[in-house]
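J.: Generate a structure from the sequence data that follows.
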Amino acid sequence: MSPTSAPPASQVPAQRSAPRATESTRPPRRRGERSPLAKALSHGVLAVASLVALFPVVWLVYLSLGPDKDDYLHPGNIVSKATLDNYAYVLQHTQFFHWAASTLIVAFGTTIVGVLFAATTGYAVSRMRFPGYRSLMWVLLLTQAFPIAVLIVPIYEIFSELGLIDTYQGLILINCTTIVPYCTWLLKGYFDTIPGEIDEAGRIDGLSPFGTFWRLILPLAKPGIAVAAFYAFITAFAEVAFANTFMLSDTKYTFAIGLSSFVSEHDAQWNLMAATAVLIAIPVTAFFYLVQKHLVTGLTAGGTKG
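T.: Below you'll find the model as predicted:
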């Protein structure tokens, strides 16, 4: 038997041609991933925003090195005669340390009293359903709509009758009127993220409602408490209107009033004011740098309900 003859070339199926070598294609962009151009633009915008935010601080430090009160009119001359004499004068010839003591007393007192009231109120509204609890929260929110100038006169008359003018107690109570409403809303949102089963477990173990709040809820709410405390501290630390109205003795001035003492009707010592402002900002900046991680944790945790 003769071997099978190979089929003619016309009947052989044409082999698929090998794909031509092409340039390597870029992998598809994942969903939500930005293009290199968009990344460059966003980084550029952030860099410009950072420069805008840092410029006033750098400018303030620069002006504080000028020895003359009118150097801000000719800032180019400060470089050749920069000095630290302004800082030495503020520390040695002003009531700076009295201002610091008064400011810390008011700031820490406001933080302790304000956060305590805000925490108990926020917990009550978060866990208890008593008549008018919604109205209470709206009233607290509404108090933030009144300008400080409207409140100063009636509060001054009340505190004058109570003998609280030019006292730390009076200024602490006044600061709490602005701090407690905001911190109550803040902590109420954080308490909502803590499961209610923890309260039930506390009651089963024989704890009173306040015991449950103090021994079980507060330890779990430390990030939220930290955020509220930081807000209260910074607000009281930098408050101007109330402190300027209710504190009369120069030894009880806070930093905010102490700064204003460098400005009179016919004169303004901008170099000393700049140096004092830098000295004031140093401890607050350092404190914020140390606790910023805890602040971010507390703000994000209180923003959602678990």
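J.: so how far is residue 180 from the residue most central in space within the chain?
T.: Centrality entry for the chain: nearest residue to the mean C-alpha point is residue 231, 5.9 Å, by CA atoms, centre = their mean. Going from residue 231 to residue 180 by CB to CB, to the nearest Å gives 11 Å. Glycine gets a C-beta too; all of them are placed from N, C-alpha and C.
J.: Let me know the secondary structure of the residue nearest to the centre of the chain.
T.: Assigned by DSSP: H, G, I helix; E, B strand; the rest coil, the conformation of residue 231 is helix.
J.: Please verify my assumption that it contacts residue 179.
T.: Yes. The pair formed by residue 231 and residue 179 meets the contact definition of CB atoms under 8 Å, at 7.2 Å.
J.: Next one: the residue nearest to the centre of the chain, what pLDDT does it get?
T.: Note on residue 231: pLDDT of 90.
J.: With adjacent residues omitted, what lies nearest to residue 260?
T.: residue 244 (6.9 Å; CB to CB, 6 or more residues apart in numbering).
J.: so that neighbour is in which element?
T.: Per DSSP states H and E: residue 244 is located in helix 241-246.
J.: Any buried residues in that helix, and which?
T.: For helix 241-246, the buried set under the neighbour-count rule, 16 or more other CB atoms under 10 Å, comprises 242-243, 245-246.
J.: okay, now the closest residue in space to residue 216 that isn't next to it in sequence: neighbour count?
T.: Once flanking residues are discounted, residue 216 sits nearest to residue 202: 5.0 Å by CB to CB, 6+ apart. Residue 202 has 19 neighbours, counted by other CB atoms under 10 Å.
J.: Residue 202 against residue 212, yeah?
T.: Yes. Counting by CB under 8 Å, residue 212 is a contact partner of residue 202 at 3.5 Å.
J.: Check the offset of the helix holding residue 244 from the chain's centre.
T.: The chain centre lies 23 Å from the centre of helix 241-246; the measure is CA atoms, centre = their mean, to the nearest Å.
J.: hmm, who's touching it?
T.: 106, 148-149, 152, 156, 159, 164-166, 170-171, 174-175, 253-254, 256-257, 260 (CB atoms under 8 Å, 6 or more residues apart in numbering).
J.: got it, and stretch 113-120?
T.: With contacts defined as CB under 8 Å, 6+ apart, stretch 113-120 is touched by 172-173, 175-176, 179-180, 183-184, 186-187, 213, 218, 221, 225, 228-229, 232, 236.
J.: at 10 Å instead, please
T.: Under the contact criterion CB atoms under 10 Å, 6 or more residues apart in numbering, stretch 113-120 has outside partners 122, 140, 169, 172-173, 175-188, 190-191, 210, 213-214, 217-218, 221, 224-233, 235-236.
J.: mind listing the helices for this structure?
T.: 36-64, 85-93, 96-127, 133-142, 148-162, 168-191, 197-204, 209-212, 218-220, 222-238, 241-246, 255-260, 270-301 (DSSP state H).
J.: Now tell me what touches stretch 51-60 from outside.
T.: 72, 75, 273-275, 277-278, 281, 285.
J.: Residue 62: which of the residues you listed is nearest?
T.: Closest approach between those and residue 62, by CB to CB: residue 75, at 7.0 Å.
J.: Would you check that that closest one makes contact with residue 62?
T.: Yes. The pair residue 75 / residue 62 is scored as a contact, 7.0 Å apart, by CB atoms under 10 Å.
J.: ok, these two, which is more surrounded?
T.: Taking other CB under 10 Å, residue 75 and residue 62 do not tie; residue 62 has more neighbours (16 against 12).
J.: Which of the contacts of stretch 51-60 has the largest number of neighbours?
T.: residue 275 (27 neighbours).
J.: List the contacts of that residue.
T.: 60-61, 63-66, 84-91, 96, 262, 269.
J.: repeat for residue 174
T.: Per CB under 10 Å, 6+ apart, neighbours of residue 174: 106, 110, 148, 151-152, 155-156, 159, 164, 236, 239, 241-243, 245-246.
J.: now do residue 207
T.: 199, 201, 213-216.
J.: ok, now with 7 Å
T.: Contact analysis of residue 207 by CB atoms under 7 Å, 6 or more residues apart in numbering lists residue 215.
J.: and if you look at residue 126?
T.: Neighbouring residues of residue 126 by CB under 7 Å, 6+ apart: 188, 191-192.
J.: Not counting sequence-adjacent ones, nearest residue to it?
T.: Nearest non-adjacent residue to residue 126, counting by CB to CB, 6+ apart: residue 191, 3.9 Å away.
J.: My guess is that neighbour contacts residue 123. True?
T.: Yes. Using CB atoms under 7 Å, residue 191 is in contact with residue 123, at 5.3 Å.
J.: can you list residues touching both of these two?
T.: Taking CB under 7 Å, 6+ apart as the criterion, residue 191 and residue 123 both touch residue 217.
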